[in-house]
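Colleague: Quick one: sequence and predicted model below, then my questions.
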Amino acid sequence: MTREPEPVAGSPRRSERPGPEFSVIVPTLNEEARLDETLRRARAALGPEVEVIVVDGGSRDRTTEIAAPHGRVLSTRRNRGAQLAAGARAATGEIFVFVHADTWLPDGGAAAIRAAVHAGSEAGCFRFALQPSAPRWRYRLLEWGVNWRTRRLRTATGDQALFVTRDAYHACDGFRDLPLFEDVTFVRAVRRVTRFRLLPLVACTSSRRWEAGFLRTVLKHWALRAAFLVGADPRRLSRYHERPAGITASRVPPSRCAPQTSGSRPKR
């Protein structure tokens, strides 16, 4: 039975149990190079009272050590869908914000999310932008394409920092236990219970995966997405979507994205 969207008026529905307004949930796997700055920016965007939950999938570097001072660190198997679901189960906030470890939330993120929820959109995402090593036209074209797709088709990926109220998350049964396209599957589900909105602010994601070969990466993603849309099992497709070995943080200065938070150091 399809659930009808329930518009929100005023503020998000509060549970009887007191808790934070926002819970930010970050899945990780060997992300020591960028995680600290990502979590600093998340706190700057969502406020000092934000609940930070990092769900690690078996890192062999200093990821969990870096995450510990910022909030809770959970461990699960390497599977992004399972990691996100585990974080949501542990979260106590009224609004969940799912952020990739290489994605930086913008200043003013909290106000933008509140405005969307108050207007009746209990789920949504930010605009997509990359942090390339140079202002290359192909990156700008990719950004335009992703944002056009979100506006027209009301779909999104985890690189755009998905947000959802607690009520809408549970109404659509949350993230599925999938290693690939868990974000697309989630957006499909949440759109059945509430309006989904693209926010005007930009979340900046590292260009590192495209730097290994821009055209090859884009074509591979298109091929995998096409296979998924015609019914291929994401578990089988995930074997073709492994992150290249030895990938590191992008060397770009963060000038196009949110300003650096206090106490953070530029990446070199």
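Modeller: It's in.

Colleague: Where does pLDDT dip in this protein?
Modeller: For the chain, the stretches with pLDDT under 70 are 1-17, 132-135, 210, 217, 219-268.

Colleague: So which residues of it form helices?
Modeller: Under the criterion DSSP state H, the chain contains helices at 35-46, 63-67, 80-90, 109-118, 137-153, 166-171, 182-190, 208-211, 214-229, 234-237.

Colleague: looking at these, which is buried most?
Modeller: Among the helices of the chain, judged by mean count of other CB atoms under 10 Å, the one packed with the most neighbours on average is helix 35-46 (a mean of 23). Bear in mind the C-beta positions are built from the backbone N, C-alpha and C, glycine included.

Colleague: The strand ranked longest in the chain: which residues count as buried?
Modeller: The longest strand of the chain (DSSP state E) is strand 196-206. Within strand 196-206, the residues that count as buried by 16 or more other CB atoms under 10 Å are Phe196, Arg197, Leu198, Leu199, Leu201, Val202, Ala203, Cys204, Thr205, Ser206.

Colleague: now that strand and helix 182-190, what's the angle there?
Modeller: With axes from the mean of the first three to the mean of the last three CA atoms, to 10 degrees defining the directions, strand 196-206 sits at 170 degrees from helix 182-190.

Colleague: one step back: let's have the buried residues of strand 196-206 in JSON lines, adding distance to Pro48.
Modeller: Below are those laid out as JSON lines (distance: CB to CB, whole Å):
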{"residue": "Phe196", "distance to Pro48": "28"}
{"residue": "Arg197", "distance to Pro48": "25"}
{"residue": "Leu198", "distance to Pro48": "27"}
{"residue": "Leu199", "distance to Pro48": "21"}
{"residue": "Leu201", "distance to Pro48": "19"}
{"residue": "Val202", "distance to Pro48": "22"}
{"residue": "Ala203", "distance to Pro48": "20"}
{"residue": "Cys204", "distance to Pro48": "21"}
{"residue": "Thr205", "distance to Pro48": "24"}
{"residue": "Ser206", "distance to Pro48": "25"}
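
Colleague: now, among those, which is nearest to Asp159?
Modeller: Thr205 (4.4 Å; CB to CB).

Colleague: was I right about the closest one contacting Gln131?
Modeller: Yes: the pair Thr205 / Gln131 is scored as a contact, 7.0 Å apart, by CB atoms under 8 Å.

Colleague: quick one, what contacts Ala90?
Modeller: Ala90 sits next to Ile53, Arg72, Leu74 when contact means CB atoms under 8 Å, 6 or more residues apart in numbering.

Colleague: go again using 6 Å as the cut-off
Modeller: By CB atoms under 6 Å, 6 or more residues apart in numbering, the residues touching Ala90 are Ile53.

Colleague: hmm, back to that, need the helices of the chain in CSV with distance to Glu21, can you?
Modeller: Formatted as CSV, these follow (distance: least, CB to CB, whole Å):
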stretch, distance to Glu21
helix 35-46, 8
helix 63-67, 21
helix 80-90, 16
helix 109-118, 8
helix 137-153, 25
helix 166-171, 11
helix 182-190, 19
helix 208-211, 31
helix 214-229, 34
helix 234-237, 32
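
Colleague: Done for today, thanks.
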